[in-house]
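Peer 1: could you look at this predicted model? Sequence included:
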Amino acid sequence: MGYEVLTDIIDITDKATSLKVKTGKVSKAILRAFPYDSSAIYKWDGTKKSFDLLSIQNKRTAQGNTAIKKYFYKEGLPGVMKERGHAVEAHTKRADSIRVLNVADKGVKGFRSAILFPLKEGKTLYGALYLRAKQRSKASSTNKRILNTISRQLAATIKAELTLKKLKSSHTEHLRLKRGLKRAEKMIALGELSATLAHEIKNPLVNISGFAKRLKKRTEQTSANHRYIDQIINEVGSLEELICGIVSYSEDKALKLKPVRLKELLDNVLEIFYEPLRVADIEVVRRYTNNDVTIYADPERLKIAFDNLISNAIQSMDKLPKEEDRLLCIETSSRANRALINVSDTGCGISPALQQSIFDPFFTTKELGTGLGLPITHNIIKKHGGKIEVYSNTYEGVTFKIKLPCKSNKVEQTTSD
């Protein structure tokens, strides 16, 4: 047997394909070059302490024989190989035997010989190359040297794949932190701005609104000026709403935490929207899988968060044609000291391109929106030690998934970010 197979395997592992494709082609190359009937490649999972099957290739003589998909630590021949720290070779007296080297390994059933090579780089284990033969045969020293080299190449390939995944994960985390920093910078700016706005603008607006309402009472309804006064009142109301939103978003008050029954809080919020939901012909479905889910929260702040979500859902479904189904679904459950709430609608949805921006202050797709509703909701959930995620496609509705600590996993009373 020559060393030309090494060149083939280096070419295979250098190609920009998936790890599964690479290992499958490497196994095929091994079976063409060596007297084995089955080649399986495993990846070592250091967290779960297991060898997980990446790929397997069989010759016709071994068709029907499958490899074990997972070996846990000290299990089967892979366990023996790991414990010894080097290649192991084993032979059975009978092809139907599963007992070899004093361990049980169902993977050897139907074979007379097996050899395993650790996929290692230095002292780090990345997996195992598991070869099986129908006929009893001992590997030559030359073949062992070549297979050892192939194993090192496979180890380098798996290491490169893991490194690439870590880099991608780090890049994703970097982008997430960057978005968070951008959001935080906007929040700091809003904090500095809101104190001035609240004092310098809100009071004059209240006066303008009051004078306009008094003027409206003194103006005949048939007067042409009547509608202009209404417009003044409406515009002032919009400005007041914007300022209140800015103040609400940027204020850094400590949460007033207490035990809150989640079902009761959500029912109270839905009751507030009874009339808008009825007018918009929206059916409400409550799926409370556990009526006794209790969270440790500031109920008034959480009501604001869910108010914003339900208000957005109503506005989104109100744009649908009359014949379209309009459904608002509220689901609750609990798992591992976390309360899980899903708020779903069948509205017009959010395109994937916009989903990363919806929690940024002043980002809105509405003509008259302030762009503060969802950022306020995000801020409130975050202050409670929770998490909110959005799942949507354009024209397919929206689902907001919220996780909050339960009563036994309360956040500190002074939580303020």
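Peer 2: Looks like it came in fine.

Peer 1: you'd agree residue 116 is in a strand?
Peer 2: Yes. Under DSSP: H, G, I helix; E, B strand; the rest coil, residue 116 sits within a strand.

Peer 1: that one contacts residue 76, doesn't it?
Peer 2: No. Counting by Cβ atoms under 8 Å, residue 116 sits too far from residue 76 to count as a contact (9.4 Å). From N, CA and C alone the C-beta is placed, and that goes for glycine too.

Peer 1: shared neighbours, these two?
Peer 2: The overlap between the contact sets of residue 116 and residue 76 (Cβ atoms under 8 Å, 6 or more residues apart in numbering) is empty.

Peer 1: compare those two (neighbour count), which wins?
Peer 2: Counted by other Cβ atoms under 10 Å, residue 116 and residue 76 do not tie: residue 116 has more neighbours, with 27 against 23.

Peer 1: give me the nearest residue to that one, chain neighbours excluded.
Peer 2: residue 81 (4.5 Å; Cβ to Cβ, 6 or more residues apart in numbering).

Peer 1: cool, and residue 101?
Peer 2: Residue 101 sits nearest to residue 90 (Cβ to Cβ, 6+ apart), 4.9 Å away.

Peer 1: which SSE is that neighbour in?
Peer 2: strand 88-91 (DSSP states H and E).

Peer 1: what's the next secondary structure element after that strand?
Peer 2: For strand 88-91, the following helix or strand on the C-terminal side (DSSP H and E) is strand 99-100.

Peer 1: in the stretch 51-200 of the chain, which spans are helices?
Peer 2: For the stretch 51-200 of the chain, helices defined by DSSP state H, counting those that start in this stretch occupy the ranges 76-84, 141-197.

Peer 1: out of these, deepest packed?
Peer 2: Of all the helices of the stretch 51-200 of the chain, helix 76-84 carries the top mean neighbour count, a mean of 20, counting by mean count of other Cβ atoms under 10 Å.

Peer 1: what's in contact with that one?
Peer 2: Contacts of helix 76-84 (Cβ under 8 Å, 6+ apart): 42, 44, 51, 68, 71-74, 87-88, 90, 100-101, 103-108, 114, 116-118, 125, 128, 130.

Peer 1: filter these down to the buried ones and hand me the PyMOL line.
Peer 2: The PyMOL command for the buried members of those (criterion: 16 or more other Cβ atoms under 10 Å) is given here:
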select buried, resi 42+44+51+68+71+87+88+90+100+101+103+105+107+108+114+116+117+118+125+128+130
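
Peer 1: next structured bit after the helix or strand of the chain with the lowest mean pLDDT?
Peer 2: Within the chain, confidence by mean pLDDT, DSSP states H and E is lowest for helix 226-250 among all helices and strands, at a mean of 74. Scanning forward in sequence from helix 226-250 by DSSP H and E, the next helix or strand is strand 258-261.

Peer 1: so for that following strand, what gets flagged as buried?
Peer 2: Counting neighbours by 16+ other Cβ under 10 Å, strand 258-261 gives residue 260 as buried.

Peer 1: which strand residues bridge residue 131?
Peer 2: residue 39, residue 115 (DSSP bridges).

Peer 1: mind listing what it touches?
Peer 2: Counted by Cβ under 8 Å, 6+ apart, residue 131 has contacts 30, 34, 36, 38-40, 114-117, 147.

Peer 1: same check, this time on residue 128
Peer 2: 41-42, 44, 51, 78, 81-82, 116-119 are the contacts of residue 128 under Cβ under 8 Å, 6+ apart.

Peer 1: residue 24 too?
Peer 2: 55, 57.

Peer 1: helix 141-197 and the helix or strand hosting it, what's the angle between them?
Peer 2: Using DSSP H and E, residue 24 sits in helix 19-33. Orientation note: helix 19-33 sits at an angle of 180 degrees relative to helix 141-197 (axes from the mean of the first three to the mean of the last three Cα atoms, to 10 degrees).

Peer 1: averaged pLDDT, helix 19-33. What do you get?
Peer 2: Averaged across helix 19-33, pLDDT comes to 92.

Peer 1: can I get the CA coordinates of that helix in PDB?
Peer 2: C-alpha atoms of helix 19-33 as PDB (Å, rounded to 0.1, in the frame of the first residue of the first chain):
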ATOM      1  CA  LEU A  19     -17.500  18.300   8.000                       C
ATOM      2  CA  LYS A  20     -20.000  15.500   7.400                       C
ATOM      3  CA  VAL A  21     -19.200  15.500   3.600                       C
ATOM      4  CA  LYS A  22     -15.500  15.600   4.200                       C
ATOM      5  CA  THR A  23     -15.500  12.700   6.700                       C
ATOM      6  CA  GLY A  24     -17.700  10.700   4.400                       C
ATOM      7  CA  LYS A  25     -15.300  11.100   1.500                       C
ATOM      8  CA  VAL A  26     -12.300  10.400   3.700                       C
ATOM      9  CA  SER A  27     -14.000   7.100   4.800                       C
ATOM     10  CA  LYS A  28     -14.500   6.200   1.200                       C
ATOM     11  CA  ALA A  29     -10.900   6.800   0.400                       C
ATOM     12  CA  ILE A  30      -9.800   4.700   3.300                       C
ATOM     13  CA  LEU A  31     -12.000   1.700   2.200                       C
ATOM     14  CA  ARG A  32     -10.500   1.900  -1.300                       C
ATOM     15  CA  ALA A  33      -7.000   1.900   0.000                       C
END
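
Peer 1: and the residue nearest to residue 116, how far from residue 75?
Peer 2: Distance of residue 81 to residue 75, computed by Cβ to Cβ, to the nearest Å: 11 Å.

Peer 1: quick one, domains of this structure?
Peer 2: What automatic domain parsing lists as the domains of the chain is 4-166, 254-417.

Peer 1: closest to residue 228 out of those?
Peer 2: domain 254-417 (18.9 Å; Cβ to Cβ).

Peer 1: so how far is the closest one from its chain's centroid?
Peer 2: 18 Å (Cα atoms, centre = their mean, to the nearest Å).

Peer 1: let's test this: mean pLDDT of that domain, rounded?
Peer 2: Rounded mean pLDDT across domain 254-417 is 83.
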